[in-house]
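Undergrad: give me a model of this one.
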Amino acid sequence: MTRAALAIDLGGTELRAAVVEANGHVAAFAATPTDAQGGPDAVIAQMVALLDRVRSEAPAAEIVGLGVGAPGPLDPDAGIVVDAPTLLGWRNVPLTSILSERLGLAVQLENDANAAALGEWRFGAGQGTRSMVFITVSTGVGGGVIVDGHLLHGRRGLAGEIGHMAVSEQPVRCSCGGLGCWEAFASGTALAREASKLVESGGAPEIGRLAGSEPVTGRHVAEAARQGDGPALKLLDDEARWLGVGLTNLLHLYSPERLILGGGVGSLLPMMQARIEGTIRERAMSAFRDVPVVAAALGRNAGLVGAASLMLQGSP
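TA: The predicted structure is shown next:
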């Protein structure tokens, strides 16, 4: 038998499950669209069905428990999802106890970005470090912080909401309701917003052509930029500058050995690296300028691998 753990990555759009071995290898995987409007009971039923499926696909695995990565805010010690804004009705849901009773397994809950940070630290681009920050840039901006070999939780597990540090006095409203958040300027949503404005004004015809009748997204910007389109390259340059501003703050706050960039927009790092590094050189104190910004190594599996590692290696 191979020692392994079950893992769930609970997203507002997609629900993903896996069997993960002790070395970080994903032995079985399944996914389904999340019934985000169905309430906790419906989504938990989806989780159980997916877990049964992956478990049947890895019969040789000795399952030691289940790790769950879920959107915050949540309380990992109490095992409660406090308020998941992308999931209808998910307020103060005792997810750990519900799943443990349904499955007859030990269950550990963690913020999804923290779980991804753990995955990268233990098995990905953060291996060998004692302190690192993982930043995921997609619809929003999230992250997880490892300091001196410990995952930073803070009060009620709410630490590490890096997307909501204020970076500007511009009155741009964030999804959290605040003004000037990093997420409001550097997320995939922000990139799409600025690209849409440019397309509507006639300033980005190639991006408009690629989008067609669909809403403009960061993917269209990236595709146009790869073709050398000037407006798309300028949009990515602006995106990289905002990323550099926030990354500089993270360097000063946590003094990591490495900054690890993941998520859909994070995967565009090769096209943004020069501007990101230039912004850091302009803004960071000299002692922090040599910290590398590197791409995440585990891709979309980071959260699953990290969640499983809670059961296989414990929470650092």
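Undergrad: ok, so what distance separates Leu50 from Gly149?
TA: 32 Å (Cβ to Cβ, to the nearest Å). (C-beta placed from N, C-alpha, C; glycine too.)
Undergrad: so which of these two has more stuff around it?
TA: Ranked by neighbour count (other Cβ atoms under 10 Å), Leu50 and Gly149 place Leu50 first, with 20 against 10.
Undergrad: OK, contacts around the residue nearest to the more buried one when sequence neighbours are not counted?
TA: Of all residues not flanking Leu50 in the chain, Ala17 sits nearest, at 3.9 Å (Cβ to Cβ, 6 or more residues apart in numbering). The neighbours of Ala17, taking Cβ atoms under 8 Å, 6 or more residues apart in numbering as the test, are 6-9, 29-31, 47, 50-51, 53-54, 304.
Undergrad: among those residues, which are located in strands?
TA: Assigned to strands by DSSP state E, the following of the contacts of Ala17 qualify: 6-9, 29-31.
Undergrad: looking at the residues you listed, which is nearest Ala117?
TA: Lowest distance from Ala117 to those (Cβ to Cβ) belongs to Asp9, with 13.3 Å.
Undergrad: that closest one: how many residues sit nearby?
TA: 25.
Undergrad: the nearest residue to Phe288 once chain neighbours are set aside: neighbour count?
TA: Of all residues not flanking Phe288 in the chain, Leu251 sits nearest, at 4.2 Å (Cβ to Cβ, 6+ apart). By the criterion of other Cβ under 10 Å, Leu251 has 21 neighbours.
Undergrad: against which helices or strands is the top helix by length along the chain packed?
TA: Counting residues, the longest helix found in the chain (DSSP state H) is helix 230-254. Contact partners of helix 230-254 among helices and strands, from 3 or more Cβ pairs under 8 Å, 6 or more residues apart in numbering; DSSP states H and E: strand 132-137, strand 141-147, helix 182-186, helix 188-200, helix 205-211, helix 218-226, strand 258-262, helix 269-283.
Undergrad: so how far is that helix from its chain's centroid?
TA: Distance of helix 230-254 from its chain centroid, counting by Cα atoms, centre = their mean, to the nearest Å, is 17 Å.
Undergrad: just want the angle from it to strand 258-262.
TA: For helix 230-254 against strand 258-262, the angle by axes from the mean of the first three to the mean of the last three Cα atoms, to 10 degrees is 140 degrees.
Undergrad: mind listing what Leu15 touches?
TA: Leu15 neighbours (Cβ under 8 Å, 6+ apart): 8-9, 31-34, 43, 46-47, 50.
Undergrad: for it, grab phi and psi.
TA: Backbone dihedrals for Leu15, given as degrees, to the nearest 10, come out at phi -110, psi 130.
Undergrad: across the sheet, point out what pairs with the residue nearest to Leu50.
TA: Applying DSSP bridges to Ala17 gives these bridge partners: Ile8, Ala30.
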